[in-house]
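1. The following comprises the amino acid sequence and a computationally predicted model.
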Amino acid sequence: MSDQSAVTAPGPKRARAVDGKPSRPATAEQAEGKLRGRIGVLELTLTVLAFSAPMVVVTGPTPFVIIFGGVGAPLAFVLAMVVLLFFTVGCTAMSRYLPNPGAFYAYITAGLGKMTGLGSSFLALFVYLAFAVSTYAFFGVVAKGLVEGVLHGPVLAWYVYALAGIAATGVLGYFRIDLSAKVLSAVMACEVLLVGAFDAKILWTGGADGRSLTPFAWNSLTSGSVGLAMLFAVMCFVGFEATAVFRDETKDPQRTVPRATYLSVATIGVFYVIAAWCLILAYGTDRAPAEAKANFVTMFSSAAHSYLGAWASDAVTVLVVTSAFAALLAGQNILARYCHSLGVDRALPSGLGRVHPRHGSPYVSSITVTAVMLIATVITAFSVSDLAGAYGSLAGAAAFGVMVLMFLTNLAVVFYFRKQRHITGVSAWHRLIAPLLSGVGLGAVLWLSLTNFTTMTGGSTASAVALQVVIWAVFLGGVALAALYRVKRRDVYARIGRQQAE
């Protein structure tokens with residue numbers, strides 16, 4: 001069942017002029033609410049990896065992996081990469097049969113049903129909103145530090161920079177995805193070049209005690225807290241799973257999305273493994289864990305200063321700011337596309353499903369996301385005094401939400417292929433074995449995140465309980481809304497996830 005009229009771009013067959021230039025006639029794709037773009041494998045990979053904010057991860061969460069995993073931290077990243085590659089096997093196999101850019105929303109609906117699917121879509125919205133709100137606060141603080149401390153500029157409140165970031169991401173998110181992809185690719189290239197230069201210097205000189213392979217020994221990891229090290233390592237990969245939300249905007253979805261997903265996990269995994277290894281070598285295997293505990297905030301920048309020179313520590317400061325901005329832009333694009341999918345399906349107001357007649361972007365959804373971020377930032381500016389605490393709490397809660405969604409997606413893959421027995425040519429490895437292996441790994445990480453939720457969020461037990469209540473309330477709210485649609489609005493219920501009516 002379809003309902004195309006709800007998402008048709010407004011106006012007559014020939015759209016109004018845009019920016020003084022005549023727009024192309026409305027197409028069938030516009031009428032169907034289908035987004036347009038021409039990004040390839042590399043651009044899509046860099047677009048989703050930007051959400052992971054590699055420079056922020058190297059300077060922030062990586063020292064935490066070292067704190068919990070000791071010198072075995074690189075091995076924790078290896079294990080996380082393997083689990084997520086198993087996860088990717090099932091997802092990419094399923095994506096070939098779902099021409100729907102809904103990502104988690106589409107996968108979980110197809111495998112576990114419309115109620116669980118809509119609940120998961122609401123949880124996904126919460127997850128990316130929480131990441132965005134926390135990162136805007138982080139961006140404002142680090143941008144303020146850059147302007148005042150490095151550039152010796154004027155003293156301004158953090159929220160001034162945050163509001164400027166909202167304006168910039170709002171403008172870029174309005175246009176075709178190709179523009180955002182180019183910006184994100186440039187930022188990612190700078191991050192990789194600096195961390196790559198640091199890694200090369202350490203491997204060339206041998207660091208403090210030589211090129212030791214001790215960090216890759218199993219007993220190096222087991223001597224620490226393996227569970228918590230794995231937990232924080234998996235958190236560092238968040239973002240790669242969003243490749244499917246850009247499905248309609250790629251050159252060849254059937255090839256581009258699977259390739260970009262595999263490439264994202266492998267690239268960011270190798271990047272983190274080598275960066276963690278070299279950071280440990282920079283201080284020496286005997287001293288690195290103690291340094292991480294004592295100076296985790298400056299651990300990487302101090303090492304970069306020592307091995308590359310004073311310019312490198314300033315460059316780190318600049319790139320942390322640009323990395324945070326890239327994560328915000330990637331998050332803006334992901335959120336807009338989730339809202340767009342829900343608008344097309346009428347699960348949220350249908351206006352969110354509108355496509356710009358010229359740029360092929362989800363412009364209404366993007367504007368809506370920008371407005372929400374503006375309101376959230378203003379509220380944060382007047383109500384939150386501990387920005388660092390708020391950042392940690394929201395980011396930790398969002399990471400937990402992503403793990404829930406990944407675990408449900410694993411189940412969805414297995415159930416989907418069991419229900420779709422007419423599908424042939426999908427091996428047991430893709431439809432069952434790899435999803436079960438990743439399910440075991442992600443299930444263990446999910447349990448660890450639940451039992452160590454206070455550590456993940458960095459707040460009090462009371463705040464951890466409150467966040468858990470919010471997370472599950474959002475999920476159950478989506479389930480309840482789907483149940484209501486099933487009784488009161490069966491036409492909307494039938495559209496959820498763009499699946500056939502149950």
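-> Nice, thanks for sending it over. Given the structure is predicted, the values throughout are model-derived calculations rather than measurements.
2. Can you show me the strands along the protein?
-> Applying DSSP state E to the chain gives no strands.
3. The most centrally placed residue in the chain: what's it in contact with?
-> The centroid of the chain falls nearest to Gly239 when counting by Cα atoms, centre = their mean (2.4 Å). Contacts here follow Cβ atoms under 8 Å, 6 or more residues apart in numbering; on that basis Gly239 touches 48-52, 264, 327, 330. C-beta here means a position set from N, CA and C on the backbone, and glycine is covered the same way.
4. Name the nearest of those residues relative to Leu75.
-> Ser52 (19.7 Å; Cβ to Cβ).
5. Can you pull the phi/psi pair for the residue lying closest to the closest one once chain neighbours are set aside?
-> Excluding the flanking residues, the one nearest Ser52 by Cβ to Cβ, 6 or more residues apart in numbering is Gly239, at 4.2 Å. Here is the backbone geometry of Gly239 (degrees, to the nearest 10): phi 130, psi -30.
6. how close does Gly239 sit to Ala330?
-> Distance check for Gly239 against Ala330: by Cβ to Cβ, to the nearest Å, it reads 7 Å.
7. Show me whatever sits in contact with both of those two.
-> Both Gly239 and Ala330 are in contact with 48, 50-51, where contact means Cβ under 8 Å, 6+ apart.
8. quick check, nearest of these to Arg337?
-> Nearest to Arg337, judged by Cβ to Cβ, of the shared contacts of Gly239 and Ala330 is Val48 at 11.5 Å.
9. Hmm, Tyr262 and that closest one touching each other?
-> No. Using Cβ atoms under 8 Å, Val48 makes no contact with Tyr262, being 12.0 Å away.
10. Which of the two has more residues huddled nearby?
-> Remark: of Val48 and Tyr262, Val48 carries more neighbours, 25 against 18, as counted by other Cβ atoms under 10 Å.
11. Measure how buried Cys339 is and give me the count.
-> 24.
12. before we move on, what about the one 4 residues further on?
-> For Gly343, the count of nearby residues is 23 (other Cβ under 10 Å).
13. List the residues that contact Trp429.
-> Per Cβ under 8 Å, 6+ apart, neighbours of Trp429: Val89.
14. check contacts around Gly401.
-> Per Cβ under 8 Å, 6+ apart, neighbours of Gly401: 123-124, 126-127, 130, 471.
15. For the closest residue to it other than its chain neighbours, give me the pLDDT.
-> Nearest residue to Gly401, sequence neighbours excluded (Cβ to Cβ, 6+ apart): Val127, at 3.9 Å. At Val127, the predicted lDDT confidence score is 91.
16. my guess is Val127 contacts Met403, does it?
-> No. Here Val127 lies out of contact with Met403, judged by Cβ under 8 Å, at a distance of 9.8 Å.
17. the more surrounded of those two?
-> Using other Cβ under 10 Å as the criterion, Val127 and Met403 rank with Val127 on top: 27 against 24.
18. quick one: that one and Leu263, what's the gap?
-> 23 Å.
19. Helices of the stretch 151-300 of the chain, start to end?
-> Using DSSP state H, counting those that start in this stretch, the helices found in the stretch 151-300 of the chain span residues 158-174, 177-205, 218-222, 226-235, 253-283, 288-295, 299-308.
20. Looking at the ones you listed, which is nearest to His359?
-> helix 158-174 (7.2 Å).
21. Which residues in that closest one does the neighbour count mark as buried?
-> 158-159, 161-163, 165-166, 169-170, 172-174 (16 or more other Cβ atoms under 10 Å).
22. then that helix to PDB, C-alphas only?
-> As requested, the backbone C-alpha atoms of helix 158-174 are provided in PDB (Å, rounded to 0.1, in the frame of the first residue of the first chain):
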ATOM      1  CA  TRP A 158      30.100  28.800  24.900                       C
ATOM      2  CA  TYR A 159      26.600  28.900  23.500                       C
ATOM      3  CA  VAL A 160      27.500  31.600  21.000                       C
ATOM      4  CA  TYR A 161      29.700  29.100  19.300                       C
ATOM      5  CA  ALA A 162      27.100  26.400  19.700                       C
ATOM      6  CA  LEU A 163      24.500  28.600  18.000                       C
ATOM      7  CA  ALA A 164      26.900  29.400  15.200                       C
ATOM      8  CA  GLY A 165      27.400  25.700  14.700                       C
ATOM      9  CA  ILE A 166      23.600  25.100  14.600                       C
ATOM     10  CA  ALA A 167      23.300  27.800  11.900                       C
ATOM     11  CA  ALA A 168      26.100  26.300   9.800                       C
ATOM     12  CA  THR A 169      24.800  22.700  10.000                       C
ATOM     13  CA  GLY A 170      21.300  23.900   9.300                       C
ATOM     14  CA  VAL A 171      22.400  25.700   6.100                       C
ATOM     15  CA  LEU A 172      24.500  22.700   4.900                       C
ATOM     16  CA  GLY A 173      21.700  20.200   5.800                       C
ATOM     17  CA  TYR A 174      19.200  22.100   3.700                       C
END
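23. between it and helix 177-205, how many degrees?
-> 120 degrees (axes from the mean of the first three to the mean of the last three Cα atoms, to 10 degrees).
24. So which elements touch helix 158-174?
-> helix 114-145, helix 177-205, helix 310-344, helix 363-383 (3 or more Cβ pairs under 8 Å, 6 or more residues apart in numbering; DSSP states H and E).
25. Can you show me the helices along the stretch 351-500 of the chain?
-> Going by DSSP H, counting those that start in this stretch, the stretch 351-500 of the chain shows helices at 363-383, 387-419, 428, 434-451, 453-457, 461-488, 490-495.
26. any idea how far the fourth one is from the chain center?
-> Put plainly, it is helix 434-451. In this view, helix 434-451 has its centroid 18 Å away from the chain centroid, taken as Cα atoms, centre = their mean, to the nearest Å.
27. go on, the fifth one?
-> Distance of helix 453-457 from its chain centroid, counting by Cα atoms, centre = their mean, is 19 Å.
28. quick revisit: just the buried ones out of the contacts of Gly239, please.
-> Restricting these to buried positions leaves 48-52, 264, 327, 330, with burial counted as 16+ other Cβ under 10 Å.
29. Just name the closest of those to Ile423, please.
-> Nearest member of these to Ile423, counting by Cβ to Cβ, is Ser264, at 25.4 Å.
30. shaky segments in this protein?
-> Low-confidence segments of the chain, defined by pLDDT under 70: 1-33, 102, 499-502.
31. what sits against the closest residue to Cys278 other than its chain neighbours?
-> If you skip the residues right next to it in sequence, Cys278 has Ile202 as its closest partner in space, 4.0 Å away by Cβ to Cβ, 6+ apart. Counting by Cβ under 8 Å, 6+ apart, Ile202 makes contact with 278, 281-282, 307.
32. where does Ile202 sit relative to Ala294, distance-wise?
-> Distance from Ile202 to Ala294, counting by Cβ to Cβ: 20 Å.
33. Please verify my assumption that Ile108 contacts Thr409.
-> Yes. Judged on Cβ under 8 Å, Ile108 makes contact with Thr409 at a distance of 6.0 Å.
34. coming back round to it: tabulate the shared contacts of Gly239 and Ala330 (CSV), appending distance to Ser393.
-> Below are these laid out as CSV (distance: Cβ to Cβ, whole Å):
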residue, distance to Ser393
Val48, 24
Ala50, 23
Phe51, 19
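35. so of those residues, which ones are in helices?
-> Among the shared contacts of Gly239 and Ala330, the subset assigned to helices under DSSP state H consists of 48, 50-51.
36. Thanks a lot, catch you later.
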